[in-house]
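S.K.: Need coordinates for the following:
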Amino acid sequence: MERYKARTVRHPAERSAEQSAARSAERPAARSAEQSAERSPRRAPAAVRRLPRPRLTGLGGGLFACAAMFLIGGLDWLLFDASLFLYGLLFLPVAAATALWVRPADLITAPITAPIAFAAGAWPVSGGSGGFAGEVMGLVSALSLHAGWLYAGTLVAALITVVRKAVLIGRRRMPRRVA
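M.R.: Here you go, the predicted model:
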């Protein structure tokens, strides 16, 4: 009896990969620097690639900001004798980090949690004394006297949030190229 050979059927993706490999073999090997720069996607600098990219939920971003500011307030109280200038100065990067690390679905929470975190961490450096009422008076005084830092940190978080949201909307509206 005759033996029949089974014909192998190649998947269309395999065929296109073989065809593109054959075409690339026909092309000259050396390309100019301009051509390779145009075709390859731009890579971020090494320092930017090493930054952490956590994605916090809205609650996680708030807890991160509150814990960081409470820790900064406690260290400021211990090491720098409750310097509210240093506390306010360190509030700005915490607000920025919170706005950068919140996941895109929870972007609106970043400018909301910034003032809450400022108030939560201001307790150790507020300088209140004389029981609960004295502590509350010290906290209210610290918040009112250093409202500039509070507004600046909230503005930083809000600006980062607006820019991130605009980039997300721009990416969504761009037409996708067919490969």
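
S.K.: Quick check: phi and psi on residue 103?
M.R.: For residue 103, the backbone dihedrals (degrees, to the nearest 10) come out as phi -70, psi 160.

S.K.: The nearest residue to it once chain neighbours are set aside: neighbour count?
M.R.: The shortest distance from residue 103 to any non-neighbouring residue, by Cβ to Cβ, 6 or more residues apart in numbering, is to residue 55 (4.2 Å). C-betas here are computed from N, CA, C, even on glycine. Neighbourhood size, residue 55 [other Cβ atoms under 10 Å]: 12.

S.K.: got a pLDDT number for residue 55?
M.R.: Per-residue confidence at residue 55 stands at 85 (pLDDT).

S.K.: If I follow the layout properly, it ends up in contact with residue 101?
M.R.: Yes - when contacts are counted by Cβ atoms under 8 Å, residue 55 is listed as touching residue 101 (6.9 Å).

S.K.: measure residue 154 to residue 140 for me?
M.R.: Look at residue 154 and residue 140: by Cβ to Cβ, to the nearest Å, they are 18 Å apart.

S.K.: Between the two, which has more neighbouring residues?
M.R.: residue 154 (20 against 14).

S.K.: what helix or strand does the more buried one sit in?
M.R.: helix 147-173 (DSSP states H and E).

S.K.: buried ones in that helix?
M.R.: By neighbour count with 16 or more other Cβ atoms under 10 Å, helix 147-173 contains the buried residues 149-150, 152-154, 156-158, 160-161, 164.

S.K.: so where's this protein shaky on pLDDT?
M.R.: 1-53, 175-179 (pLDDT under 70).

S.K.: Tell me where it has helices.
M.R.: 12-26, 33-39, 46-49, 58-80, 84-101, 109-122, 131-145, 147-173 (DSSP state H).

S.K.: Most tightly packed of the ones you listed?
M.R.: Greatest average neighbour count among these goes to helix 109-122 (a mean of 23), per mean count of other Cβ atoms under 10 Å.
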